[in-house]
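Novice: Sequence and predicted structure below; questions after.
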Amino acid sequence: KMYVAEPYKIKVVEPIRMTTRAQRQAALERAGHNTFLLDSRDVYIDLLTDSGTTAMSDRQWAGLMLGDEAYAGSRNFFHLLETVQEYYGFRYMVPTHQGRGAEHLLSRIAIKPGDYVPGNMYFTTTRAHQELAGATFRDVIIDEAHDPQADLPFKGNVDLRKFQALIEEVGAEKIPYICLAVTVNLAGGQPVSLQNIRDVSELAHRHGIRVMFDATRCVENAYLIKEREPGHAGRSVREILKEMMSYGDGCTMSGKKDCMVNIGGFLAMNDPELYQAATQLVVLYEGMPSYGGLAGRDMEAMALGIQESVDDDYIHHRIMQVRYLGDRLAAADVPIVRPVGGHAVFLDARQFLDHLPQDAFPAQMLAAQIYLQSGVRSMERGIVSAGRDREGQNHHPNLELVRLTVPRRVYTYAHMDVVADSITDLYEDRRRIPGLTMVYEPKVLRFFTARFEPL
Ligand code: F0G
């Protein structure tokens, strides 16, 4: 496989600590077999998440020095606002401390108890905020998205018949907006086609339903449109991104991913009334509408990150590096979700540990074993992450996955080789891996702090 050489060079390095297997065994026990509870100093290659883990550029670090830390009307706010207007096309923007801050505001403003919010699969915090505001979440993604082996170019697409059926079932007045994620994280970082975005927008708007993007990884989605959707190969990612967003009414954004910063997010919209409502709520939960929980310097770094994120050479390298890891694992017959998505390679833990039932938490155990094997940290995205429904029953998601998430501009191809080799070794030895039992379960978003013991 060919490398796509990095379109950047290294100016600062951060040494990482190597550990022994005995040290990792002790760390794993302290962490209750939950990779979220490991200390970073015990981790060699950290693929827990691509969130907030980006290496900022020299330009962004320089931008931090331009922070205008005024309580109100910071010039960095205006820079960020202009950047959002220029690159995403939305008229209004409220900064938030991160994506879920924006999800909280949107859910509180737009949802009435008893409403329904359709989405192309769920994200943990997104659905939790919708449910806290009194809505019922409905998954309207295409069926194939729940099948790890279905190899489709746009596996994040909305099934328009499911969306239409929900409108007929509950009535459009009970659907304040559709949450359209680009890309779909839990489906494997799968993109939505421009055609599907257009169709969703047309159907939603015909019924007076808003289209609110979860734009968290929208640049990766734009790249995959350029690569896969006929007629877009010659366009810039920047141009495709702007067209994508033009079909929506606003977005929530976790700046910690495609805006290339370590902290930050925003809620953007075109409707002045929605904006007005957001400015009222943001002061209660985040801060003034011109900083929303961020320092001036953070807003500056995010404005610059947005500009860098649509650089065609950057995003090409980014996607190819993730795909390289996936291709190496697939070549060794390790079961992964197909096709490889934008930000991560997802291991199919159901197949990897096919001797374990889902109630023995195979993905949770696989993540623990990968750490033990090589110090590589990954994340469970299966039955633990899916949590319980309103009646207290465990959701049993079809997808029982371990996510190997690649931070932006942080690791090299050599690191990807280490990851692929160690997981391949583990795969040869998989039959000896036992299941887990949950010994501590928090009430909300349990995956963050739950603890487990081997069976
Ligand atoms: N939406 C998606 C699709 C996400 O992946 C995330 C975060 C959020 C919203 C929430 O944003 O973390 O800034 O509050 N995903 C991280 C992850 C945590 O590891 O996938 P946040």
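Specialist: That came in fine, so what should we check first? Numbers count the residues shown, from 1 in each chain.
Novice: Mean confidence (pLDDT) on the host helix or strand of L366, please.
Specialist: Applying DSSP states H and E as the criterion places L366 in helix 362-374. Average pLDDT, helix 362-374: 98.
Novice: Also stretch 17-30?
Specialist: 97.
Novice: Now tell me what touches that stretch from outside.
Specialist: Applying Cβ atoms under 8 Å, 6 or more residues apart in numbering, the contact partners of stretch 17-30 are L37, L38, D39, R41, D42, Y44, A368, Y371, L372, G375. All C-beta spots, glycine's among them, are computed from the backbone N, C-alpha and C.
Novice: in the protein, which residue is closest to the centre?
Specialist: Residue closest to the average C-alpha location in the chain (Cα atoms, centre = their mean): N185, at 4.6 Å.
Novice: Looks like that one contacts R217 (just checking).
Specialist: Yes - assessed by Cβ atoms under 8 Å, N185 is found in contact with R217 at 7.1 Å.
Novice: how about the strands of the protein, start to end?
Specialist: Counting by DSSP state E, the chain has strands at residues 45-46, 92-96, 116-119, 136-139, 177-181, 210-214, 250-254, 265-269, 344-348, 376-377, 379-381, 401-405, 436-440, 451-454.
Novice: Among those strands, which comes closest to I109?
Specialist: Proximity to I109 (Cβ to Cβ) singles out strand 265-269 among these, at 8.9 Å.
Novice: about what we covered before: show me whatever sits in contact with both of N185 and R217.
Specialist: Common neighbours of N185 and R217 are listed as H343 (criterion: Cβ under 8 Å, 6+ apart).
Novice: tell me which residues in stretch 438-455 are buried?
Specialist: For stretch 438-455, the neighbour count (16 or more other Cβ atoms under 10 Å) marks M438, R446, F447, A450, F452 as buried.
Novice: Surely the third one is in contact with R388?
Specialist: No - under the criterion of Cβ under 8 Å, F447 makes no contact with R388, lying 11.7 Å away.
Novice: how many neighbours does the nearest residue to P289 once chain neighbours are set aside have?
Specialist: Nearest non-adjacent residue to P289, counting by Cβ to Cβ, 6 or more residues apart in numbering: T279, 4.2 Å away. Residues contacting T279 under the criterion other Cβ atoms under 10 Å number 16.
Novice: Can you get me a residue count around P357?
Specialist: Neighbours around P357, by other Cβ under 10 Å: 10.
Novice: For the nearest residue in space to it that is not next to it in sequence, list the residues it contacts.
Specialist: Computed as Cβ to Cβ, 6+ apart, the closest residue to P357 that is not its neighbour in sequence is G435, at 7.4 Å. Residues near G435 by Cβ under 8 Å, 6+ apart: L353, L356, P357, A360, F361, P362, M365, P454, L455.
Novice: In CSV: the residues you listed, plus distance to K9.
Specialist: As requested, the contacts of G435 are exported to CSV (distance: Cβ to Cβ, whole Å):
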residue, distance to K9
L353, 40
L356, 44
P357, 49
A360, 46
F361, 42
P362, 41
M365, 39
P454, 44
L455, 48
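Novice: Please identify which of those is nearest to the ligand.
Specialist: Comparing the contacts of G435 against the ligand with Cβ to the nearest ligand atom places F361 closest, at 18.7 Å.
Novice: For the closest one, give its distance to G189.
Specialist: Separation of F361 from G189 (Cβ to Cβ, to the nearest Å): 22 Å.
Novice: Give the burial count for H395, as a bare number.
Specialist: H395 has 12 neighbours, counted by other Cβ under 10 Å.
Novice: Enumerate the residues of the stretch 1-150 of the chain near the ligand.
Specialist: Residues of the stretch 1-150 of the chain lying close to the ligand by Cβ under 6 Å from any ligand atom are T49, S51, Q98, G99, R100, F123, T125, T126.
Novice: quick one: contacts for the last one?
Specialist: Spelled out, it's T126. Contacts of T126 by Cβ under 8 Å, 6+ apart are R100, E103, G119, C179, A181, D214, T252.
Novice: What ranges in this structure fall below the confidence cut-off?
Specialist: Counting by pLDDT under 70, the chain shows low-confidence ranges at 1.
Novice: Report how many residues lie close to the closest residue to the ligand within it.
Specialist: Nearest residue of the chain to the ligand, counting by Cβ to the nearest ligand atom: G99, 2.5 Å away. Counted with other Cβ under 10 Å, residues neighbouring G99 total 26.
Novice: What sits closest to it if chain neighbours are left out?
Specialist: S254 (2.7 Å).
Novice: Could you count how many residues lie near Q364?
Specialist: Neighbourhood size, Q364 [other Cβ under 10 Å]: 28.
Novice: correct me, but it touches S385?
Specialist: No - counting by Cβ under 8 Å, S385 is not a contact partner of Q364; they are 9.2 Å apart.
Novice: contacting residues around the helix ranked longest in the chain?
Specialist: Across the chain, the longest stretch assigned as helix under DSSP state H is helix 312-331. Contact partners of helix 312-331, identified using Cβ under 8 Å, 6+ apart, comprise 1, 3-8, 189, 219-220, 222-224, 227, 236-237, 308-309, 336, 338, 340-345, 347, 404, 406, 408-409, 411, 413, 416-417, 419-420, 423-424.
Novice: Looks like A301 contacts R59 (just checking).
Specialist: No - contact criterion Cβ under 8 Å: A301 and R59 do not qualify, at 9.3 Å.
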